[in-house]
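1. what follows is a predicted structure for the sequence shown.
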Amino acid sequence: MSGHRIVPLTAEQAEDIAGWRHPPPYDTYDVGGDDVCHLLLPHYRYHAVLDGPEMMGYCCFGEDARVAGGRYDDAVLDVGWGMRPELMGRGLGRGFVDSIVRFGEERYAPEVMGVTIADFNHRSQRVAAGAGFSRETNRFTAPDGMRFVQLERGNRTLPPGEPVVHRGNRR
């Protein structure tokens, strides 16, 4: 896994994440100090992504990887990730996300994985596509006005008549 280990998030790691500050427009990913306890709730399945002893980022699986306003299917394992700000834009994303996807597949054995990414975040969308999230299933605007794209990877067969790509969908 490119030297990456993925382990359950500790309180110390959650505190570290709460101190990260991303440059605009990525500052939307900043986690506030009030959210530290949220990151530690077991049902949100937050994990640290370690490169040797250093935490390069985190990931979560399931409910907390979803964004209000999206269309979600409980048969899909949703995944979310965040990278330490000073590591962003340095070509590390592909190995980082590949490790997360591999861990999710080994741990949860989903048929399909989904990811929801901010529409402006073309870097993360490229990395997700490289990790196999090549099926666009929805575009939507969240209640706060931010636009998102939903992508899937896996062998899901959509019902007859269900379009694979929902470009411009605002539901």
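-> Great, that's in hand.
2. give the contact list for the residue lying closest to residue 35 once chain neighbours are set aside.
-> Counting by C-beta to C-beta, 6 or more residues apart in numbering, the nearest residue to residue 35 once its immediate chain neighbours are dropped is residue 18, at 6.6 Å. To be clear about C-beta, it is placed using only N, CA and C from the backbone, and glycine gets the same treatment. Under the criterion of C-beta atoms under 8 Å, 6 or more residues apart in numbering, the neighbours of residue 18 are 31, 32, 33, 35, 36, 39.
3. for the longest helix along the chain, which positions count as buried?
-> Counting by DSSP state H, the longest helix found in the chain is helix 93-108. Within helix 93-108, the residues that count as buried by 16 or more other C-beta atoms under 10 Å are 93, 95, 96, 97, 98, 99, 100, 101, 103, 104.
4. neighbour-wise, which one of the contacts of residue 18 leads?
-> In terms of neighbours by other C-beta atoms under 10 Å, those top out with residue 39 at 21 neighbours.
5. tell me which residues touch the nearest residue to that residue once chain neighbours are set aside, please.
-> Excluding its sequence neighbours, the residue lying closest to residue 39 (C-beta to C-beta, 6+ apart) is residue 14, at 4.3 Å. With contact set as C-beta under 8 Å, 6+ apart, residue 14 has these partners: 36, 39, 40, 46.
6. please report the distance of the second one from residue 142.
-> If I follow you right, that is residue 39. For residue 39, the distance to residue 142 (C-beta to C-beta, to the nearest Å) stands at 20 Å.
7. quick one: strands adjacent to the helix or strand containing residue 114?
-> According to DSSP states H and E, residue 114 maps onto strand 112-118. Its sheet considered, strand 112-118 pairs with strand 76-83 (parallel), strand 147-154 (antiparallel) by DSSP bridges.
8. just put the ones you listed in CSV and tack on mean neighbour count.
-> Formatted as CSV, those follow (neighbours: other C-beta atoms under 10 Å):
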stretch, mean neighbour count
strand 76-83, 23
strand 147-154, 20
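9. mean pLDDT added to these, as JSON lines?
-> What follows is the strands paired with strand 112-118, written out as JSON lines (pLDDT from 0 to 100):
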{"stretch": "strand 76-83", "mean pLDDT": "96"}
{"stretch": "strand 147-154", "mean pLDDT": "95"}
